[in-house]
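Visitor: Below: sequence and its predicted model.
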Amino acid sequence: MAIGRVARLDRARTRRKRTFVIPLLGVVVLAVVAIGTGVALGIFRAAPQGVQKGHVAVPASAAAPSAVASLPASEESSGTGAMVEVPNVTGKSLSDAETLLTIAGFVVSRVATPAGEAATGTVLAQEPASGSVVERGAQVTLTYAEDSAAVAPSGKTNDPESSTNGRVYVVCVDPGHQDKANSSTEPIGPGSTTMKAKVSGGATGAVTKQREPDFTLKVSLRLKRLLEAQGVKVVMTRTTGAVDISNAQRAAVGNRAKADLLIRVHADGSTNGDVRGLSTLYPAGNDWVRPYTAKSLLAAKAVHHALLLTTGAVDRGIVQRSDMTGFNWAKVPSLIVECGFMSNPAEDKLLASDAYQAKLAEGMTRGILAYLWGE
Ligand SMILES: [Zn+2]
């Protein structure tokens, strides 16, 4: 690609980003408020034991004891005095630093200083220093390089070129299931003797009879368009229902793409038609996924809270899973959005509507960008 074209693309991406940053930060701030409220109300909870978690069968033997659906106490449990480590944001752009800190639960204040030799908008210092252990919700003060010719009290108009350093992020989108299930089995992770079906059939709408493989593809194609409009490269595991790709093979697509995130789109089903709501699953609890757990959780939080805001769905929480083949074979951060219950008549109708599918794709996009740009 010619340099001139790269430069044009960079400028175009920056323009697009500017238009997105303010609503995005709004969402992040609201998300943090939501997190705080959730913690206060104790609504971030493990999926109740004994409740069927979606349509994915969970063989008891497959789940390690630590795979019980719960979040680490340090992450989501309530209580004053939860201590968290301050990440290193020095050298990042102000907007990236603010996004990262906000997602991590800090309050950000800023102090401008003349740019000098530094690139405008770069964070030059932070207080407390990275690695400090402080109470969740503590304030972090960022000293950043300000362009004296373009004072921007809000900082937003100073959103610098360096935000992505010209980097093109890659997101692998996996629309769950396919037209025909494949019940032959594969190991749930590299070297495992525990086997699961390569691809299950998925849920079906209680009223609309919409099939999950069709639903996930529609939402995923919307998501692809929205991400591409923000300059993100999207790799799809499938763009039609007439495929036969196992869950392990889908993870391999994300691995080959060296994706910054693998997002798997699904919907739930239950024998209890009253159950409804949205949950986000992330890999944790076994050795296969350990290198990717922290980033996956960060992405899951950003996507989950953005989705709750765009959809107004019932919050069924962020849930760790160790038994998902499509997680265990992934060598990149990953998550699953369970968009809602197709077995619930009201939610089924929502999930089948264009308007709601658009909200789902928008929420996923906002959450993914908050995660990527805050990285
Ligand atoms: Zn599914």
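Guide: Now that the structure is in, tell me what you want to look at.
Visitor: and the residue of the chain found nearest the ion, what are its bridge partners?
Guide: Of all residues in the chain, H266 sits closest to the ion, at 3.4 Å by CB to the ion. C-beta coordinates here come from the backbone N, C-alpha and C atoms, glycine included. Using DSSP bridges, the bridge partners assigned to H266 are E338.
Visitor: do M83 as well
Guide: The partner residues for M83, given DSSP bridges, come to E135.
Visitor: who touches it in this structure?
Guide: By CB atoms under 8 Å, 6 or more residues apart in numbering, the residues touching M83 are 74, 133-136.
Visitor: Would you list the buried entries among those residues?
Guide: Among the contacts of M83, those scoring as buried are R136 (criterion: 16 or more other CB atoms under 10 Å).
Visitor: From the contacts of M83, which shows the smallest pLDDT?
Guide: Minimum pLDDT across those is recorded for S74, with 32.
Visitor: Can you name the residues of the stretch 151-300 of the chain sitting close to the ion?
Guide: Listed as neighbours of the ion in the stretch 151-300 of the chain under the rule CB under 5 Å from the ion: 176, 202, 266.
Visitor: Could you identify which of the residues you listed has the most neighbours?
Guide: Neighbour tally across those (other CB atoms under 10 Å): the maximum, 30 neighbours, falls on G176.
Visitor: residues contacting the residue of the chain closest to the ion?
Guide: 54, 176-177, 202, 212, 216, 336-339.
Visitor: Pull the number of nearby residues for the closest residue to D274 other than its chain neighbours.
Guide: Spatial nearest neighbour of D274, excluding adjacent residues (CB to CB, 6 or more residues apart in numbering): N344 at 6.9 Å. For N344, the neighbour count with other CB under 10 Å is 24.
Visitor: low pLDDT regions in this protein?
Guide: 1-81, 103, 105-106, 147-165, 375 (pLDDT under 70).
Visitor: Domain map for it?
Guide: For the chain, automatic domain parsing gives the domain ranges 3-15+78-162, 38-75+167-373.
Visitor: Quick check: which of the ones you listed is buried the most?
Guide: Of all the domains of the chain, domain 38-75+167-373 carries the top mean neighbour count, a mean of 20, counting by mean count of other CB atoms under 10 Å.
Visitor: tell me how far it is from the chain's mean position?
Guide: 10 Å (CA atoms, centre = their mean, to the nearest Å).
Visitor: Going forward, count from 42.
Guide: Got it, the first residue is 42 from now on, which makes the last one we talked about domain 79-116+208-414.
Visitor: Hmm, V152 and Y185 touching each other?
Guide: Yes - Y185 is within contact range of V152, at 7.4 Å (criterion: CB atoms under 8 Å).
Visitor: Kindly format the C-alpha coordinates of stretch 301-320 as CSV.
Guide: Output in CSV follows, covering the C-alpha atoms of stretch 301-320 (Å, rounded to 0.1, in the frame of the first residue of the first chain):
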residue,chain,number,x,y,z
ASP,A,301,-7.1,-8.5,18.9
LEU,A,302,-10.5,-10.0,19.9
LEU,A,303,-12.6,-13.0,18.9
ILE,A,304,-16.3,-12.2,19.5
ARG,A,305,-18.8,-15.0,19.3
VAL,A,306,-22.4,-14.1,18.8
HIS,A,307,-25.1,-16.4,20.3
ALA,A,308,-28.5,-16.4,21.8
ASP,A,309,-29.9,-18.5,24.7
GLY,A,310,-32.6,-21.0,25.1
SER,A,311,-34.2,-22.4,28.2
THR,A,312,-37.0,-24.8,29.1
ASN,A,313,-38.3,-22.0,31.3
GLY,A,314,-40.0,-19.5,29.1
ASP,A,315,-39.9,-16.8,31.7
VAL,A,316,-36.2,-16.5,31.7
ARG,A,317,-34.8,-13.6,29.7
GLY,A,318,-31.8,-11.3,29.6
LEU,A,319,-28.3,-10.9,28.2
SER,A,320,-25.1,-12.3,29.5
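Visitor: of all the contacts of M124, which two lie farthest apart?
Guide: S115 and V175 (13.1 Å; CB to CB).
Visitor: Overlap of the contact sets of these two?
Guide: With CB under 8 Å, 6+ apart, S115 and V175 have common neighbours 124-125.
Visitor: just to revisit the earlier point, I'd like the contacts of M124 as TSV, with distance to G282 appended.
Guide: Shown next, in TSV, are the contacts of M124 (distance: CB to CB, whole Å):
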residue	distance to G282
S115	42
V174	49
V175	50
E176	50
R177	44
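Visitor: will you turn the contacts of M124 into JSON lines that also has distance to the ion?
Guide: Output for these, formatted as JSON lines (distance: CB to the ion, whole Å):
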{"residue": "S115", "distance to the ion": "30"}
{"residue": "V174", "distance to the ion": "39"}
{"residue": "V175", "distance to the ion": "40"}
{"residue": "E176", "distance to the ion": "39"}
{"residue": "R177", "distance to the ion": "33"}
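Visitor: Could you pull out the helices in the stretch 142-291 of the chain for me?
Guide: Counting by DSSP state H, counting those that start in this stretch, the stretch 142-291 of the chain has helices at residues 253-270, 288-297.
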